[in-house]
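Visitor: just need the structure, nothing else, for what follows:
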Amino acid sequence: MPCCWHCELCDSYQYQYDETSCRLCAYNMRPNPNRTACQPIPIVKLEWHSPWAIIPVFLAMLGIIATIFVMATFVRYNDTPIVRASGRELSYVLLTGIFLCYIITFLMIAKPDVAVCAFRRIFLGLGMCISYAALLTKTNRIYRIFEQGKQTVTAPRFISPTSQIAITSSLICVQLLGVLVWFAVDPPNTIIDYDEQKTINPMLARGVLKCDITDLQIICSLGYSILLMVTCTIYAIKTRDVPEDFNEAKPIGFTMYTTCIVWLAFIPIFFGTAQSAEKLYIQTTTLTISMNLSASVALGMLYMPKVYIIIFHPELNVQKRKRSFKAVVTAATMSSRLSQKPSERPNGEAKTELCENPAADPMSQATKKTYVSYNNLRI
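Guide: Predicted structure coming up:
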């Protein structure tokens, strides 16, 4: 009796095993064009010439040049009033953190291997941690000084440069300790992810070479830095009423508000592309650009105005009359009280409280007034 045969193509990642059956290729293989055998799936990674890499690398290079220029300017004019008033020790720590935020771009785009993956784990959150630890220490110092100044003229503890460096270092050590635990629990390694770009058409399938770091691990590595950033923002809000010349309180505040906006935009983009075929490229570009922008905001708002004055207006970079801690706190307290509405002042105090009342002395020919200056006060 005659028999009829109906031929069908092998599906998807199958190849023709014999005349009557198909078999599935191995996990890291795909069928060749005529489906007679299997061949390895090509391996890809983020290339330096890719559009996904060009933009963050360009931003990072500009940032590195600007950071080195600012640092060189501060070193050159290390003993001038503006550099001293900005807190030289913490300024150099903050500039180091900003520099590392730019450097991580090159590590994220470099070809993954064990060494690169290890450095990624170390520096991914370290640059941000150093930056925000220094900023948090600054804002906390300002807050403690003026809060204690409302009660006493005695300076609070741990406001010296040495104490500030010790506090900043302790905050940074928490990040480093977390990285060491990460190394111990899960040593750095590379993997080839065949699922990320495994398309329906096997000819378009690619394996992605990357470090063995999950999205959750990335967020955990950045989580401590984000916590420092949020805490610093809270202190920046609390010190928003401090007079402008008091140790960068307002520039730090504007820096933190802008940085929070940058990272609020980063989170939905980072997690919203988890199922995309271009996941590696989008997430790497988003992460590096966010870190570059955060570093640039801090560099631009905190240091560029100082560098501009140092270089182009040296006549403004002069020593002003120093004030004691008591005078500084008294000035800030008076400023806060005078900014209140008359109805909110205790005991019916009016804005004339800094002037002597001429009615109290009929022989007085003129009113004697006392003024408080807030220009370039150092605390």
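Visitor: for the rest of this, base every contact and every neighbour count on C-alpha atoms.
Guide: Will do.
Visitor: where does this protein have low pLDDT?
Guide: The model of the chain has pLDDT under 70 over residues 1-3, 5, 149-150, 152-155, 242-247, 274-277, 320-379.
Visitor: now Ala110: closest residue in space, sequence neighbours ignored.
Guide: Leaving out its chain neighbours, the residue that sits closest to Ala110 by CA to CA, 6 or more residues apart in numbering is Val116, at 7.3 Å.
Visitor: okay, now the one you found: neighbour count?
Guide: Neighbour count of Val116, defined by other CA atoms under 10 Å: 20.
Visitor: doesn't it fall inside a strand?
Guide: No: Val116 is assigned helix when assessed by DSSP: H, G, I helix; E, B strand; the rest coil, not a strand.
Visitor: that one against Leu107, yeah?
Guide: Yes: with contact defined as CA atoms under 8 Å, Val116 reaches Leu107; the gap is 6.5 Å.
Visitor: how about the strands of the protein, start to end?
Guide: Counting by DSSP state E, one finds strands in the chain at the ranges 14-16, 22-24, 29-31, 38-40, 43-44, 190-197, 206-211.
Visitor: okay, helices next: where are they in the stretch 201-350 of the chain?
Guide: 215-238, 249-272, 279-302, 304-312, 325-338 (DSSP state H, counting those that start in this stretch).
Visitor: and those as JSON lines, adding mean neighbour count and distance to Tyr15?
Guide: As requested, the helices of the stretch 201-350 of the chain are exported to JSON lines (neighbours: other CA atoms under 10 Å; distance: least, CA to CA, whole Å):
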{"stretch": "helix 215-238", "mean neighbour count": "19", "distance to Tyr15": "35"}
{"stretch": "helix 249-272", "mean neighbour count": "17", "distance to Tyr15": "35"}
{"stretch": "helix 279-302", "mean neighbour count": "21", "distance to Tyr15": "29"}
{"stretch": "helix 304-312", "mean neighbour count": "15", "distance to Tyr15": "63"}
{"stretch": "helix 325-338", "mean neighbour count": "17", "distance to Tyr15": "80"}
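Visitor: nearest to Val208, out of the ones you listed?
Guide: Comparing these against Val208 with CA to CA, the closest turns out to be helix 279-302 (8.2 Å).
Visitor: what comes into contact with that closest one?
Guide: With contact meaning CA atoms under 8 Å, 6 or more residues apart in numbering, helix 279-302 is reached by 46, 52-53, 56, 59-60, 63, 67, 95, 98-99, 101-102, 104-105, 108-109, 128, 196, 248, 251-252, 254-255, 258-259, 262-263, 266, 269-270, 273.
Visitor: try stretch 95-106
Guide: In contact with stretch 95-106 (CA under 8 Å, 6+ apart) are residues 56-57, 60-61, 63-64, 67, 71, 120, 123-124, 126-131, 288, 291-292, 295-296, 298-299.
Visitor: recalculate using a threshold of 7 Å.
Guide: 56-57, 60, 63-64, 67, 71, 123-124, 127-128, 130-131, 288, 291-292, 295 (CA atoms under 7 Å, 6 or more residues apart in numbering).
Visitor: sort out for me which of the residues you listed are in helices.
Guide: If you go by DSSP state H, the contacts of stretch 95-106 have 56-57, 60, 63-64, 67, 71, 123-124, 127-128, 130-131, 288, 291-292, 295 in helices.
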